[in-house]
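1. I'd like to go over a predicted model; first the sequence, then the structure.
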Amino acid sequence: MKVKDLEFKKLIPADKIEKKVAALAKQIDKDYHDRTPTFLSILNGSFMFASDLMKHLTIPCRISFVKVSSYSGTASTGQVKTLIGHEESLFGLDIIVVEDIVDSGLTLQKIMEDLKGLGAKSVEAMALLRKQEAREKNIQVKYVGFELDDEFVLGYGLDYDGLGRNLPEIYKQVPANPK
Ligand code: 5GP
């Protein structure tokens with residue numbers, strides 16, 4: 001499948017994603033059965049994951065959407081901007097940050113620091129996907145859907161230059177000239 005100038009092939013089918021999201025929701029139901037967590041969905045990439053996750057949860061919970069951006073094209077700029085869009089106080093709340101993918105982990109680390117500084121009672125992270133670099137750096141993500149190698153992916157909320165977020169599956173980039 002071609003998206004703009006890049007070639008992609010299917011990596012994770014929709015039914016596998018659906019099962020994994022349901023399993024993650026079940027785990028949260030269990031871990032938070034005596035609390036009312038607030039999910040902070042990091043836009044834009046996590047909108048689909050967060051939405052599907054919410055449908056599977058049975059405990060009382062809240063969701064808010066925040067934005068932060070460090071990516072342009074297919075390579076991280078290494079710069080992380082601050083969190084924007086959370087007007088309500090987070091004081092005393094049990095927060096679960098919902099990320100689409102953790103690559104270098106810089107974005108997540110910055111978000112977690114910001115949230116702890118805002119007086120949240122607890123802060124945990126969940127990510128549908130985690131790449132090799134984050135694993136090597138031991139970035140703390142309590143709930144992870146799928147582990148990836150160092151590959152660029154799109155679909156299920158993730159984009160390439162704004163395209164592909166609507167795809168129900170996850171695709172990975174195929175190198176133009178594989179050696
Ligand atoms: P990090 O700060 O962990 O390096 O990057 C995190 C953010 O970069 C993610 O929330 C996501 O928006 C973007 N990102 C990282 N890897 C990929 C990828 O393979 N595909 C897409 N579409 N975005 C990615």
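-> Looks like it arrived, so ask away. Numbers count the residues shown, from 1 in each chain.
2. tell me which helix or strand of the chain sits lowest on mean pLDDT?
-> For the chain, counting by mean pLDDT, DSSP states H and E, strand 71-72 ranks last in confidence among helices and strands (a mean of 48).
3. gap between stretch 11-26 and the chain center?
-> Relative to its chain's centre, stretch 11-26 lies at 14 Å (CA atoms, centre = their mean, to the nearest Å).
4. Quick one: residues contacting the nearest residue to Lys137 once chain neighbours are set aside.
-> Excluding the flanking residues, the one nearest Lys137 by CB to CB, 6 or more residues apart in numbering is Gly105, at 5.5 Å. (C-beta placed from N, C-alpha, C; glycine too.) Gly105 makes contact with Glu133, Ala134, Lys137, Ile139, according to CB atoms under 8 Å, 6 or more residues apart in numbering.
5. burial of Leu129, as a residue count?
-> Neighbour count for Leu129, taken as other CB atoms under 10 Å: 24.
6. Tell me how far it lies from the ligand.
-> 8 Å (CB to the nearest ligand atom, to the nearest Å).
7. List the buried residues of the helix or strand where that residue lies.
-> Here Leu129 sits within strand 122-130, counting by DSSP states H and E. By neighbour count on 16 or more other CB atoms under 10 Å, the buried set for strand 122-130 is Val123, Glu124, Ala125, Met126, Ala127, Leu128, Leu129, Arg130.
8. The third one is in contact with Tyr143, isn't it?
-> Yep, that's Ala125 we're talking about. Yes. At 7.4 Å, Ala125 counts as touching Tyr143 under the criterion of CB atoms under 8 Å.
9. overlap in contacts of those two?
-> Common neighbours of Ala125 and Tyr143, using CB under 8 Å, 6+ apart, are Ile96.
10. Tell me the helices and strands packed up against the strand holding Leu129.
-> Contact partners of strand 122-130 among helices and strands, from 3 or more CB pairs under 8 Å, 6 or more residues apart in numbering; DSSP states H and E: helix 14-31, strand 94-102, helix 106-117, strand 143-147.
11. rewinding a little: tabulate the buried residues of strand 122-130 in a markdown table, adding columns for pLDDT.
-> Conversion of those to a markdown table gives the following (pLDDT from 0 to 100):
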| residue | pLDDT |
| --- | --- |
| Val123 | 94 |
| Glu124 | 96 |
| Ala125 | 96 |
| Met126 | 97 |
| Ala127 | 97 |
| Leu128 | 98 |
| Leu129 | 97 |
| Arg130 | 95 |
